[in-house]
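Asker: okay, structure incoming, though there's no sequence with it:
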């Protein structure tokens, strides 16, 4: 079994890019299965199902979507195996940009929208810095110079990362993406995460509604950058 | 009537060119071609139109020094053809077209690495989205292309010969007008993205001096592909590909008669450009 984790900020074009890649994978005779992870609601599974591959949805609800994806990797792999798939495609809903939901042996893809500006590659953190490839989307909306500056910024954040320029509308770049998937090695044995999750659990994580400082315990960071553990 | 220095220059150049037969202007490019030691050809192999029918033009080869037009109604696939060339399609785009360089499939690094890229592209985009200062952006772009960052100043200087109100390196890119943005994009391509293949998508709607811009971009011994609705630009090309319903339907070579008409258009255009500038400067047309 191969595993591919596709992460990226909301609206960056993860689903559109994956839809085109799935078509190319099926055309090449591969058997992909897809798990779409979202937080509250999604209808993307219906779009994927039209392509004729097994699709499952996971809604993380009250759990962090990245933690949810990581926690459920074994279950997703088991499901994909039952479906007779050779490739598990996992689209995540990464939001807070502190984690990277990438197991070490999976192909880690960060989808990133060029129109968010040349500083965004520096903002997305481990989602980009620990990815194997960055897929640049919406490049048709900016000039070639802007695309190239953006590309340079990605390489500053993650030197040596493979960059694919894709277009979710026309399908540009999808064959390159599909080839990368097909060339990726199978997973085996124990997998670990590429990047440690953030050191963060506080009373807000567990449902505290009151705003002021005195109500909070746990790993807390002040505006001036001072970090402390408050509690027993 | 007062004029800016650059306007006087461009008028003089237009006059110089108008004084010589069209063939001479075109032949100069051919002479440059000989002086350039590295031969380069760009081949477009036909694919399919929007209905899946084969392109009637099966193959077209373009050499250094040639300006080639792409013409056709809106929605006929002109920008798609440009995009096939820009990404060096290998039968892997919706049209199924393939692009060859010197008769061969381009290397991957030529497709992706900006330092080795053979293609510079001026797209239809009229604005920058990057929230950066002009100077900082250009230095960064020079770096991405493996060029000297000090070329940024040269780009701005050149851009200011093409546009009205001058651009300063401290400006944010996002406040530039459509014309200023396009002028900057043109100058950036001429100086920083100095690639042997130049793709231009509709320069006439840019609000800049179109013919000056095209000459700047054409440079020495380059392959220039220009999408256009403008008769003057279309006739500046040696040949033009006619698009219909997404397909390449035929290739027309610019005839002697068309070259003669080009000279008339150029004179009229020079006159109109002068009038436009007079009105822009708030003066009275005499």
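Answerer: Thanks, I have the structure now. Keep in mind it's a predicted model, so treat the numbers as computed, not measured.

Asker: which residues are contacting the strand or helix carrying residue A:15?
Answerer: Take DSSP states H and E as the rule and residue A:15 turns out to sit in helix A:14-27. By CB atoms under 8 Å, 6 or more residues apart in numbering or on different chains, the list of residues contacting helix A:14-27 from outside reads A:6-8, A:32, A:34, A:36, A:44, A:47-48, A:51-53, A:87, A:89, A:91, A:111, A:135, A:137, A:166, A:168-169, A:171, A:173-175, A:177-178, A:181-182. Backbone N, C-alpha and C define where each C-beta goes, glycine included.

Asker: what's the burial count for residue A:81?
Answerer: Using other CB atoms under 10 Å in any protein chain shown, the number of residues around residue A:81 comes to 13.

Asker: from residue A:197, how far off is it?
Answerer: Distance, residue A:81 to residue A:197, by CB to CB, to the nearest Å: 27 Å.

Asker: next one: residue A:157
Answerer: Distance, residue A:157 to residue A:197, using CB to CB: 19 Å.

Asker: also residue B:146?
Answerer: Using CB to CB, one gets 38 Å for the distance from residue B:146 to residue A:197.

Asker: looking at these two, which is more packed in?
Answerer: Between residue B:146 and residue A:197, residue A:197 has the larger neighbour count (other CB under 10 Å), namely 15 against 11.

Asker: and the more buried one, what element?
Answerer: Residue A:197 is part of no helix or strand, with elements assigned from DSSP H and E.

Asker: now do the same for the closest residue to it other than its chain neighbours: helix, strand or coil?
Answerer: Counting by CB to CB, 6 or more residues apart in numbering or on different chains, residue A:197 lies nearest to residue A:99, which is 4.9 Å off, once chain neighbours are set aside. Under DSSP: H, G, I helix; E, B strand; the rest coil, the three-state class of residue A:99 is coil.

Asker: so residue A:99 touches residue A:199, yeah?
Answerer: No: using CB atoms under 8 Å, residue A:99 makes no contact with residue A:199, being 11.4 Å away.

Asker: neighbour-wise, which of the two wins?
Answerer: A count of neighbours by other CB under 10 Å puts residue A:99 above the other of residue A:99 and residue A:199, at 26 against 10.

Asker: where's that one relative to residue A:124, distance?
Answerer: Going from residue A:99 to residue A:124 by CB to CB gives 11 Å.

Asker: what do you get for residue A:93?
Answerer: Residue A:93 sits at a distance of 14 Å from residue A:124 (criterion: CB to CB).

Asker: also residue B:199?
Answerer: As judged by CB to CB, residue B:199 and residue A:124 stand 31 Å apart.

Asker: what's near enough to touch whichever residue of the stretch 101-250 of chain B sits closest to chain A?
Answerer: Proximity of the stretch 101-250 of chain B to chain A (CB to the nearest CB) peaks at residue B:144, 3.8 Å away. Going by CB under 8 Å, 6+ apart, residue B:144 touches A:148-149, A:151-152, B:114-115.

Asker: could you redo the last one with a cut-off of 10 Å?
Answerer: If you count contacts by CB atoms under 10 Å, 6 or more residues apart in numbering or on different chains, residue B:144 has them with A:145, A:147-153, A:155, B:113-115, B:117, B:192-193.

Asker: cool, and residue B:87?
Answerer: For residue B:87, the contact set (CB under 10 Å, 6+ apart) comprises A:165, A:167, A:172-173, A:176, B:93, B:99, B:111-112, B:119, B:121.

Asker: please report phi then psi for it.
Answerer: The phi/psi pair for residue B:87 (degrees, to the nearest 10) reads phi -100, psi 10.

Asker: please apply the same query to residue A:217.
Answerer: Dihedral angles of residue A:217 (phi, psi; degrees, to the nearest 10) stand at phi -130, psi 160.

Asker: low pLDDT regions in the stretch 101-250 of chain B?
Answerer: Confidence mapping of the stretch 101-250 of chain B against pLDDT under 70 gives the ranges B:205-207.

Asker: what segments of chain A are strands?
Answerer: For chain A, the strands defined by DSSP state E occupy A:2-8, A:32-38, A:55-59, A:87-91, A:107-113, A:133-137, A:162-165, A:218-221, A:227-230.

Asker: relative to chain B, which of those is closest?
Answerer: The closest of the strands of chain A to chain B is strand A:162-165. By CB to the nearest CB, the value is 6.9 Å.

Asker: ok so, going back, how about the nearest residue to the residue of the stretch 101-250 of chain B closest to chain A, chain neighbours excluded?
Answerer: residue A:152 (3.8 Å).

Asker: what about the one you found, how many neighbours?
Answerer: Around residue A:152 there are 17 other residues, counting by other CB under 10 Å.

Asker: got a list of what it touches?
Answerer: If you count contacts by CB under 10 Å, 6+ apart, residue A:152 has them with A:118, A:121, B:114, B:140-141, B:143-145.

Asker: pLDDT value on it, please?
Answerer: The per-residue pLDDT reported for residue A:152 equals 92.

Asker: the one 10 residues further on now?
Answerer: The predicted local confidence for residue A:162 comes out at a pLDDT of 94.

Asker: ok, it to residue A:114 distance?
Answerer: Residue A:162 is 16 Å from residue A:114, by CB to CB.

Asker: out of those two, which sits in the busier spot?
Answerer: Of the pair residue A:162 and residue A:114, residue A:114 is the one with more neighbours under other CB under 10 Å, namely 26 against 15.
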